[in-house]
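Novice: Just the structure for this:
(one chain, ligands or ions: 1)
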Amino acid sequence: MTANENMTVDLVGRPVHRVGFGAMQLPGPGVFGPPRDRDAALAVLRRAVELGVNHVDTAQYYGPDVSNELIRTALHPYPDDLVLVSKVGALRDDAGNWIPAQRPEELRAGVEANLASLAVERVDVVNLRRMDAGHAVPAEQQVSFDDQAAAMTALRDEGLIGGVGLSNVSAEELQAALDGGLDVACVQNPYNVLSRDDEPTLRLCAERGIPYVPFFPLGSAFEHMPKVTEHPTVIAAAQQTGMSAVQVGLAWLLARDASVLLIPGTSSVAHLEENCGAGAVTLPEGVLGRLDLLG
Ligand SMILES: NC(=O)c1ccc[n+]([C@@H]2O[C@H](COP(=O)([O-])OP(=O)(O)OC[C@H]3O[C@@H](n4cnc5c(N)ncnc54)[C@H](OP(=O)(O)O)[C@@H]3O)[C@@H](O)[C@H]2O)c1
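Specialist: Now for the predicted structure:
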């Protein structure tokens, strides 16, 4: 089992394997509090690196400070080739609610918190996680994108972060950011074989050579979202190819465009191994065509 050696994409100038790892499933239920099984969570991270994963996505607010602490405990001192990607733009309250933290000074505080909890002098990439329509954003949190971009660029110029990514941005917002001169290290938006509203952003990333990192690649752990592995066409594709339904969903994403980098989230070593295996398989054209029609 290998994590798709020979298949890399440059992320802030460093080659990362196309199947990475998302650390959001490591904290407790609702991405809140300690993991159900701490030893298992640490084992997942260590196994990921063994499998060649060198792109790990996290956030200070996963837990909060649970995913980052686990990453530090499991992997520090970090392998030279590991690219750690975090996010700023939110906090958690004592009940686990997601609180916007979009103001420039809050973005800086978020980066500083990541530096401390990951025990690094620079976070390789930090995504500015914009709040979307699903979140109630109070007036004081409705900050101009230009001010946020300036704050993130300043953090990069000071060397506290290696690159600025964007998360939860539309294609129009990405285009405006690029037109404004922002050097965008990657884009992280929700997208999978069943949920393709973000196709325009993926296409823009593909045109501009910007790594596109779909979150919820399998449909997430959240109950309200359709699960990729439950769709009859995905199940049929798995039966036809001998792959698992998970691997069909992930391999479809990899085939979508060469700019795509995956960060499937899991709390299980067995699931991690299955996910990494998706980097080593190729879907036949006919199967790809039928999956394409789901969008
Ligand atoms: N930028 C953002 O706003 C944002 C938002 C959400 C997520 N993210 C990032 O994106 C990553 C991926 O998204 P996600 O974790 O929410 O959703 P996901 O990867 O689509 O799905 C995670 C769910 O799939 C299950 N799963 C994973 N591999 C499996 C396998 N091989 N077999 C069966 N079930 C499997 C996990 O359960 P088990 O734990 O049991 O495997 C979990 O319930 C996150 O970890 C996070 O790093 C970013």
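
Novice: Strands of this protein, residue ranges please.
Specialist: Using DSSP state E, the strands assigned to the chain run over residues 8-11, 14-17, 21-22, 55-57, 83-88, 90-92, 98-100, 125-129, 164-167, 184-190, 212-215.

Novice: Report the closest residue of the stretch 151-295 of the chain relative to the ligand.
Specialist: For the stretch 151-295 of the chain and the ligand, the shortest gap (C-beta to the nearest ligand atom) falls at Gly265, measuring 2.2 Å. Quick note: C-beta positions are derived from backbone N, CA and C, even for glycine.

Novice: The stretch 1-150 of the chain now?
Specialist: Closest point on the stretch 1-150 of the chain to the ligand, by C-beta to the nearest ligand atom, is Gly22, at 2.4 Å.

Novice: What pLDDT is listed against that residue?
Specialist: As predicted, Gly22 sits at a pLDDT of 98.

Novice: In contact with Asn192, which residues?
Specialist: Pro214, Phe216, Pro217, Leu218, Gly219, Val228, Gly249, Leu253 (C-beta atoms under 8 Å, 6 or more residues apart in numbering).

Novice: from what I can see His55 touches Val85, true?
Specialist: Yes - His55 lies in contact with Val85 (C-beta atoms under 8 Å); the separation is 6.9 Å.

Novice: possible to save the contacts of Asn192 as a markdown table with pLDDT?
Specialist: Output for the contacts of Asn192, formatted as a markdown table (pLDDT from 0 to 100):
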| residue | pLDDT |
| --- | --- |
| Pro214 | 98 |
| Phe216 | 98 |
| Pro217 | 98 |
| Leu218 | 98 |
| Gly219 | 98 |
| Val228 | 98 |
| Gly249 | 98 |
| Leu253 | 98 |
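
Novice: Inside helices: which ones of those?
Specialist: Among those, the members falling in helices are Gly249, Leu253 (criterion: DSSP state H).

Novice: For the contacts of Asn192, could you give me a markdown table that also reports neighbour count and distance to the ligand?
Specialist: Formatted as a markdown table, the contacts of Asn192 follow (neighbours: other C-beta atoms under 10 Å; distance: C-beta to the nearest ligand atom, whole Å):
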| residue | neighbour count | distance to the ligand |
| --- | --- | --- |
| Pro214 | 25 | 8 |
| Phe216 | 21 | 4 |
| Pro217 | 28 | 5 |
| Leu218 | 23 | 3 |
| Gly219 | 20 | 5 |
| Val228 | 25 | 7 |
| Gly249 | 28 | 9 |
| Leu253 | 25 | 10 |
